[in-house]
Structures are given as C-alpha cells and as structure tokens.
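Visitor: What follows is a predicted protein model with its sequence.
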Amino acid sequence: MKTADAFNLAKLPSHAPAEFHKTATLRQMKSIKQELIALQDRLYAENTRSVLVVLQGMDASGKDGLIRRVFSGLNPQGVRVHSFKEPTELELSHDFLWRVHQQVPPKGMIHVFNRSHYEDVLVTRVQGLITPEDARRRFVAINNFEKLLQQAGTTILKFYLHVSEKEQRERLLERVTDPEKRWKYEAGDEDKAKQWPEYRAVYEDVFEHCNPSSCPWQLIPADQNWYKAYAVAKTLHDTLVQLDPQYPSSKEERPKAKATR
C-alpha cells in the first residue's frame, strides 16, 4: 500500500508486498475486524464526526467483495454503502456534485462510496463527454468539496484498487464462465477492458490533481483479495484509533444535530 506520490500505474505493483503471507494476514484481519466493531460503535455513539470511504478502481478490481469483507459484521445502523451508477435525467439536470452531496455521511456514520464523484472526471473523459478543460475545473470543484466535508468533521479515506490487466481479464472471463458470477456481466465489459490504457491515464491525472495531504489517495494492490481487504481495513482501523471516539456519559449528553450558518 502506498500513497499516490508516484503516478505511473503501469509500474506499480498489483500484488501484495513480499513480507505479507495469506494465513498470517487473515489472522490479523480477524483481530482488526473485532476492533473495528468496537471503534465504529463508539463513533456512532459519540455522534460528532463521520468517515467517508471512497473506493475506485478498474472494472473487476473487486470493490463489491472488499465491501463485504471489510464492513460485514459492523453495526448496520452506523454504516451505509452507496453505489454511483450512470446519472439519471434528474441528476444530469444539476451540477455533477449534486447527487454526491446527498450521500455524504452525517455525524456518527461511516459511508462507503462504491465508485464516487470521481467517476465524473474518469468515465466522462474516456467517453469524450467532457473536455480536458472541463476536467480541470471539476478537479478544483472536487478539492473544494472534499475540503468542505473535512471542515464539517468528515474524515475522507480514498482508495484506488490497483488490479493488473491480466487479473482483470481473468475476472471478466469468470463473469462469462462462472454461473455464480454471470449476473455481474454487462454488455461492453470487454470493450472497457480494452480501454485500460485510457483509464490508466485519467486515473493518473486524478492522482496528480486531487491528492491533498489531508486526504491522499491510497493505492492498494488488488490482485489478491485477502491483501486488498486487509489493507483497507487496517487503514480504516488506524484512522478510527487516531480519531479516538468516546462514548457519551449519558444519552442526554450525546450531541444533537445543529443547523450550521
């Protein structure tokens, strides 16, 4: 796992570091999950801060599976997952961040974005729906948007799940050959795989222009599901430990939402 201080995805590893072994890592993951349950419970009870987890990656990078591995077992009252699909007609009639702002976490919550506001500077560019100049303006808007969330008490964790072209092809093939995964198949999956170089270029642009020190991108090797889940869970765990949420001494002392000016 590394932050996006180098942006050449073709040269970055997609496998777990050599010092990590599956059996030992899964054992650590079990311990981390137990601690995450307690930390999330305290965050929810404290009700003063929130966490936003942003998941991005190429098709078949394993975002759905990661969400199951990391967030299953946590209190569902305190976790929400939102997947950003193709914008609706109503959403397209507003600015590109309108639909995103409605899904950000309120105090006490952890929200997970399965894809996110970054789709509007990724897919839109590969498909030629916006110009490079439009993208530059959107980068500024995204940085200001994330800064606003942070000022309101939201900690933002941004993960790019880095899957290799070879692993992606194998996973997309499984969607055709494996009956249990066939439901994931979408027309055009093969075409998207062929656009790996184009997506790599626009992702590298995002890492360069939307990577403030307050919420840097974490580039996660994603060819091995066990390591990918561990890396995200460990980062979330360490972040919550640093936030150190505390139980209120009584229900009456639990902060209530207040209007902001």
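Guide: That came through, no problem.

Visitor: To what extent is the residue lying closest to residue 45 once chain neighbours are set aside buried, counted in neighbours?
Guide: In this structure, residue 45 finds its nearest non-sequential neighbour in residue 247, 5.0 Å apart by Cβ to Cβ, 6 or more residues apart in numbering. C-beta: built from backbone N, CA, C; applies to glycine. For residue 247, the count of nearby residues is 12 (other Cβ atoms under 10 Å).

Visitor: can you offset everything so residue one is 33?
Guide: Taking 33 as the first residue, the last one we looked at is residue 279.

Visitor: ok, residue 279 touching residue 74?
Guide: Yes: at 5.9 Å, residue 279 counts as touching residue 74 under the criterion of Cβ atoms under 8 Å.

Visitor: which residues in the stretch 83-232 of the chain form helices?
Guide: Ranges of helices within the stretch 83-232 of the chain are 95-103, 121-124, 130-133, 155-158, 164-183, 197-209, 221-226, 228-241, based on DSSP state H, counting those that start in this stretch.

Visitor: Of all these, which one comes closest to residue 47?
Guide: Nearest to residue 47, of all those, is helix 197-209, at 9.1 Å by Cβ to Cβ.

Visitor: Tell me how far residue 96 lies from residue 268.
Guide: The gap separating residue 96 from residue 268 is 17 Å, by Cβ to Cβ, to the nearest Å.

Visitor: Ok, residue 196 next?
Guide: 24 Å.

Visitor: the more surrounded of those two?
Guide: residue 268 (23 against 20).

Visitor: Quick check: phi and psi on the more buried one?
Guide: Residue 268 adopts backbone torsions of phi -60, psi -40, taken as degrees, to the nearest 10.

Visitor: do the same with the one 10 residues further on
Guide: Reported as degrees, to the nearest 10, the phi and psi values for residue 278 are phi -130, psi 150.

Visitor: And for it, nearest residue in space, chain neighbours not counted?
Guide: residue 78 (5.8 Å).

Visitor: So the one you found is in contact with residue 275, correct?
Guide: No: in this structure residue 78 lies outside contact range of residue 275 using Cβ under 8 Å: 9.0 Å.

Visitor: Can you name the next helix or strand after the helix or strand bottoming out on mean pLDDT in the chain?
Guide: Scoring the helices and strands of the chain by mean pLDDT, DSSP states H and E places strand 34-35 at the bottom, with a mean of 51. Next helix or strand after strand 34-35 toward the C-terminus (DSSP states H and E): helix 54-78.

Visitor: Looking at that next one now, give me its mean pLDDT.
Guide: Averaged across helix 54-78, the pLDDT comes to 97.

Visitor: Other residues contacting stretch 225-233?
Guide: With Cβ atoms under 8 Å, 6 or more residues apart in numbering as the test, stretch 225-233 has contacts from 41, 42, 90, 91, 154, 158, 197, 200, 201, 204, 224.

Visitor: what's across from the most centrally placed residue in the chain in the sheet?
Guide: When Cα atoms, centre = their mean is applied to the chain, the residue found nearest the centroid is residue 87 (1.8 Å). With DSSP bridges as the criterion, residue 87 is bridged to residue 146, residue 191.
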